[in-house]
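Engineer: With the sequence up front, the predicted model follows.
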Amino acid sequence: MESRICYNLCMTDTPASVQIDDIIALHGGWKSDVLTQLREVITDTDERIVEEVKWKMKTRPEGLPVWSYEGILCFAEIWKDNIKLIFHKGSSLPDPDKLFNARLKSTDVRAIEIHESDEIHKAGIQALVNAAIAYNSNKTAR
């Protein structure tokens, strides 16, 4: 499995969905569980959402899972003790459930920092994804 993951993550023509499967497998344990749940919540929100992998670099050769519709909606960063679900234009999105708890001082992004014992607020995340879709869809009107 490990060699298949490395191969898929290094190949530029491997579909993003397969690369994200491999990113999830690479991290294992609770992080895989959370990433799987986040992915499902996000992709179930709207069938037009596209999965991508971006920002591959020496320190993170697998890149980051990204979900887009008419631009980036959100992406996941995997850290030692947490996962951050980062909304690209989060500072412009309504957050009635007060899910944003990280990157609060940024002028653009907002994040939901998730730890091992945290529950995923599915309805709240879907509301944020829908708001991000609406934001991206209306950017030509701005």
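Structural biologist: Looks like it arrived, so ask away.
Engineer: pLDDT at Met11, what is it?
Structural biologist: On pLDDT, Met11 comes in at 54.
Engineer: now Thr59
Structural biologist: 87.
Engineer: That one - how many residues pack around it?
Structural biologist: For Thr59, the neighbour count with other C-beta atoms under 10 Å is 5. In this view, the C-beta of every residue, glycine as well, is placed from N, C-alpha and C.
Engineer: how close does it get to Glu77?
Structural biologist: 12 Å (C-beta to C-beta, to the nearest Å).
Engineer: now do Leu104
Structural biologist: Taking C-beta to C-beta as the measure, Leu104 falls 16 Å from Glu77.
Engineer: Between the two, point out the one with more neighbours.
Structural biologist: Just comparing Leu104 and Glu77: by other C-beta under 10 Å the higher neighbour count belongs to Glu77, 16 against 11.
Engineer: Tell me which other helices or strands the helix or strand hosting the more buried one touches.
Structural biologist: If you go by DSSP states H and E, Glu77 is part of strand 72-78. Applying 3 or more C-beta pairs under 8 Å, 6 or more residues apart in numbering; DSSP states H and E, we find strand 72-78 packed against helix 29-45, strand 64-68, strand 83-87, helix 122-137.
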